[in-house]
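Kindly return the folded structure for what I paste below:
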Amino acid sequence: MTLKQIAQQIAVPESTLRLYRDEFNEFVPATGEGRRRRYNDAAAQTLHKIVEWKKAGTGANAIRQELARTQTPMERKNSATQDERIAQVLTVLGGQGSEIAMLRAEVGVLRSEMGRLIALLSADQSGAKTMEAVQRERLPG
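Okay, the predicted model is just below:
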């Protein structure tokens, strides 16, 4: 899920959640980068705990100690299981497959249009009006 979705669930501004994520990033598992960054349920729970601790006035060092007691910072790097990584790759490939199919359809349409235009040009060159003549007729004055 996205940070925006987590912020909506917790009912805090996304900017606040982003600040906490950056402050405690070693404890917030994420996959992807930038706008494609996604968080699992464990990350959402960790962020929710951080929000609650911050609301209660708990300091950053105490929060970090509590997080370190229940999870290790390396969990962030190892958070995505092999099955999760495979699922992510398949999702990306599925999207690319759809895009390739769409591009192939567009290329087919363009080829058909080129064939039609070539036929028109051939007909124009074999005695009918040339494209230049047609354009002159269309121009005013």
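
Any stretches of the chain with poor pLDDT?
For the chain, the stretches with pLDDT under 70 are 72-81, 124-135, 137, 140-141.

Show me where it has its strands.
Assigned by DSSP state E, the strands in the chain fall at 30-31, 38-39.

Domain parsing of the protein, as residue ranges.
3-79, 85-138 (automatic domain parsing).

among those, which is the most enclosed?
Highest mean neighbour count of the domains of the chain: domain 3-79, a mean of 15 (counted as mean count of other C-beta atoms under 10 Å). C-beta: built from backbone N, CA, C; applies to glycine.

ok, now how distant is the residue nearest the centre of the chain from Val107?
Centroid-nearest residue in the chain, with C-alpha atoms, centre = their mean: Arg36, separated by 4.3 Å. Distance, Arg36 to Val107, by C-beta to C-beta, to the nearest Å: 28 Å.

what does Arg116 give?
Using C-beta to C-beta, Arg116 is found at 15 Å from Val107.

ok now do Gln71, which residues does it touch?
27, 46 (C-beta atoms under 8 Å, 6 or more residues apart in numbering).

From Lys54, how far off is it?
From Gln71 across to Lys54, the span is 18 Å (C-beta to C-beta).

Next: Leu121.
71 Å.

What segments of the protein are helices?
3-10, 14-23, 41-55, 60-70, 75-78, 82-125, 131-138 (DSSP state H).

what does the fourth one rub up against?
With C-beta under 8 Å, 6+ apart as the contact definition, helix 60-70 has outside contacts at 23-24, 27, 46, 49-50, 53-54.

Kindly indicate which of those residues lies nearest Thr91.
Thr46 (23.7 Å; C-beta to C-beta).

Could I get the contacting residues of Glu23?
Applying C-beta under 8 Å, 6+ apart, we find Glu23 in contact with Ala60.

Use 69 as the first number from now on
Taking 69 as the first residue, the last one we looked at is Glu91.

I'd like to know how far it sits from His116.
Here the criterion is C-beta to C-beta. By it, Glu91 lies 15 Å from His116.
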